[in-house]
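>>> when you get a sec, could you give me coordinates for this:
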Amino acid sequence: MKKRKILFSILITLVLAISIFLYINKDKFTYVGSVDIIEVDCSKKHQILSDVYESDQKIRKSNELIKYAKEDHRNQELVISIIEKCGMPTLQEVTQKHMNAIWLGLQHTNKKYRKKYFPQVKKAVENGDLSKQQYALMKDRILMDEGKPQIYGSQVRNGKLYKLENPETVNERRKEMGLESIEDYLKNFNIEFNLN
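Next up, the predicted model:
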């Protein structure tokens, strides 16, 4: 009987500890399943990508990723499914807003898919279908995913600039990509740039 009480107490303590941990870290848990290739009608990609863009922006403005995790996940599946079933769109086929929807879907998906589709993003930038700024942000995020220093200083983690390669020349690299200075960029996060 005494062993049961001890086991029950340990179990209750464990459940309570896990519940507290999950509550404290609830903003970090947005996983809703694997990203699957789904059926899409390529003749409707304009409307699909318009909807993805509007949805993504609504989610980011609300800053409630948990609340919209399923919608965000669906957007990612739609973007990846369009690329897989219809090919990577170009500005000859769709608008800039639609291309931005493709980029947003890939930028906001998990690291596996970001890395997988990055060569197509790079080619789209080279063709003028996506911007150099979009390239820089995705490149930095992929480097951060891999635990490597970022190049352009676009990624902030836990209220701090994520580690940066050659910080003394970051503004030169940023300028080449059409980005504002690192000092001005970090003001948006109330972070002061420090070479050390």
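>>> compute the first-to-last residue distance for stretch 185-195.
15 Å (Cα to Cα, to the nearest Å).
>>> for the chain, just list every one of the strands.
156-157, 160-161 (DSSP state E).
>>> can I get those strands in TSV including mean neighbour count, distance to S9 and mean pLDDT?
Any C-beta I mention is one placed from the backbone N, CA and C, and that applies to glycine too. Below are the strands of the chain laid out as TSV (neighbours: other Cβ atoms under 10 Å; distance: least, Cβ to Cβ, whole Å; pLDDT from 0 to 100):
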stretch	mean neighbour count	distance to S9	mean pLDDT
strand 156-157	12	38	95
strand 160-161	16	40	96
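>>> so can I have CSV of those strands showing distance to K116?
Output for the strands of the chain, formatted as CSV (distance: least, Cβ to Cβ, whole Å):
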stretch, distance to K116
strand 156-157, 22
strand 160-161, 27
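>>> among these, which is nearest L137?
strand 156-157 (11.5 Å; Cβ to Cβ).
>>> got a list of what S9 touches?
For S9, no residue meets the contact criterion (Cβ atoms under 8 Å, 6 or more residues apart in numbering).
>>> how close does R173 sit to S154?
Counting by Cβ to Cβ, to the nearest Å, the gap from R173 to S154 is 11 Å.
>>> again, but for K187
With distances taken as Cβ to Cβ, K187 is found 14 Å from S154.
>>> swap in N166?
Taking Cβ to Cβ, one finds N166 at 15 Å from S154.
>>> could you point out which residue ranges in this protein have low pLDDT?
19, 21-32, 196 (pLDDT under 70).
>>> which stretches of it form helices?
Secondary structure of the chain by DSSP state H: the helices cover 2-24, 45-62, 69-86, 96-107, 111-126, 132-145, 170-176, 182-187.
>>> out of the ones you listed, flag the one nearest Y162.
Nearest of the helices of the chain (Cβ to Cβ): helix 132-145, 5.3 Å.
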